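A.B. asks: Quick one, structure for this:
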Amino acid sequence: MPGMPGKGTVLTTADWLENPTPTPVAPKDNKHNHYDLTTFFHWDLAQGKVTDWNGAVNFFASEDLITGLLDGLTEEVGEAAPVVMYQIGRQWGTFDGHAFDQWFTAEFQRSVRQSNLLFLLETWWWPFTAQGWGRWEVDLSLQKQNILLVNIFDSAIARTLGVVGKPVCHLYAGLFAGFLSHLVQRTLECAEIQCYSMGATYCRFVVGKAPVIQQVNQWVSQGLSVRDIEQKLAGGQAVWATT
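C.D. replies: Okay, here's the model as predicted:
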């Protein structure tokens with residue numbers, strides 16, 4: 001993965017926390033490689049209910065449903081639809097963060113606050129991959145600037161909408177902002193700087209503090225390339241522009 005630390009480097013959520021507080025650990029005897037269709041999901045045909053390994057209720061949606069929801073939202077709120085989708089994703093991420101705290105500590109018998117950061121993030125996203133939200137890569141190349149980069153391959157939303165010439169994965173951006181804010185106990189925001197719906201091969205997101213993400217959104221609206229945006233972020237220009 002691009003930007004990953006070298007062998008022997010241990011990063012924990014404490015690196016992002018000012019006052020990390022361990023959470024209680026509940027023992028649970030589980031195998032960890034359970035992300036296949038027949039193991040991860042429990043099918044209760046009599047009840048018409050599908051639950052996953054962690055006890056969450058799931059439902060399966062078609063691309064038509066995704067398109068219909070987005071079209072309906074746009075019809076109701078117009079240009080505010082991306083903001084609404086982002087806030088929905090943010091609330092989802094916050095809620096999922098609390099659930100993750102519980103099932104992670106129960107399964108691995110280790111506090112979230114005491115775990116390797118990359119392992120923690122991969123463990124959180126694997127259920128989303130199993131559920132069809134796409135694969136991801138975490139890029140820590142801008143960690144010194146307190147910025148996290150995330151790549152999403154096969155975004156369910158972008159794949160459904162196709163090439164429309166603009167970022168469309170606002171739900172993902174909100175999800176990352178909500179979860180990571182919960183994880184590091186700081187308010188973070190997220191912006192998509194590259195999208196499959198813009199003709200790219202994958203979607204790319206920037207997570208950081210609000211002033212930085214506000215500047216990133218401006219750069220995206222101005223048509224700056226991903227490379228230019230990342231060069232500005234690496235040079236700290238987003239911070240300088242907002243202080």
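
A.B. asks: Going by C-alpha atoms from here, please, whenever you check contacts or count neighbours.
C.D. replies: Fine.

A.B. asks: SS state for the spatially most distant residue from the centre of the chain?
C.D. replies: Here the chain reaches farthest from its C-alpha mean at residue 46, the gap being 33.6 Å by C-alpha atoms, centre = their mean. With DSSP: H, G, I helix; E, B strand; the rest coil as the basis, residue 46 sits in coil.

A.B. asks: any idea how far it is from residue 224?
C.D. replies: As for residue 46, its distance to residue 224 is 53 Å (criterion: C-alpha to C-alpha, to the nearest Å).

A.B. asks: likewise residue 230?
C.D. replies: Computed as C-alpha to C-alpha, the residue 230 to residue 224 distance reads 10 Å.

A.B. asks: ok, those two, which is more surrounded?
C.D. replies: Just comparing residue 230 and residue 224: by other C-alpha atoms under 10 Å the higher neighbour count belongs to residue 230, 18 against 14.

A.B. asks: how many neighbours does residue 68 have?
C.D. replies: Look at residue 68: counted by other C-alpha under 10 Å, it has 12 neighbours.

A.B. asks: separation between it and residue 185?
C.D. replies: Distance, residue 68 to residue 185, by C-alpha to C-alpha: 35 Å.

A.B. asks: who touches the nearest residue to residue 197 once chain neighbours are set aside in this structure?
C.D. replies: Excluding the flanking residues, the one nearest residue 197 by C-alpha to C-alpha, 6 or more residues apart in numbering is residue 163, at 4.0 Å. Shown in contact with residue 163 (C-alpha atoms under 8 Å, 6 or more residues apart in numbering): 196-199.

A.B. asks: I'd guess residue 163 is in a strand, am I close?
C.D. replies: No. Residue 163 is assigned coil when assessed by three-state DSSP, not a strand.

A.B. asks: Stretch 127-134 - what's its average pLDDT?
C.D. replies: Average pLDDT, stretch 127-134: 90.

A.B. asks: measure the residue nearest to residue 197 to residue 195 for me?
C.D. replies: To residue 195, residue 163 is 9 Å away according to C-alpha to C-alpha.

A.B. asks: quick one: the residue farthest from the centre of the chain and residue 105, what's the gap?
C.D. replies: Distance from residue 46 to residue 105, by C-alpha to C-alpha: 32 Å.

A.B. asks: ditto for residue 99
C.D. replies: 10 Å.

A.B. asks: Give me the more crowded residue out of the two.
C.D. replies: Taking other C-alpha under 10 Å, residue 99 and residue 105 do not tie; residue 105 has more neighbours (20 against 13).

A.B. asks: dump the residue contacts of the spatially most central residue of the chain.
C.D. replies: For the chain, the residue nearest the mean C-alpha position is residue 176 (3.2 Å; C-alpha atoms, centre = their mean). For residue 176, the contact set (C-alpha under 8 Å, 6+ apart) comprises 89-90, 93, 190, 207.

A.B. asks: Residue 66 now?
C.D. replies: 157, 160.

A.B. asks: Please point out which parts of the longest helix along the chain sit buried.
C.D. replies: If you go by DSSP state H, the chain has its longest helix at helix 81-108. Buried residues in helix 81-108, counted by 16 or more other C-alpha atoms under 10 Å: 81-82, 84-94, 96-97, 100-108.
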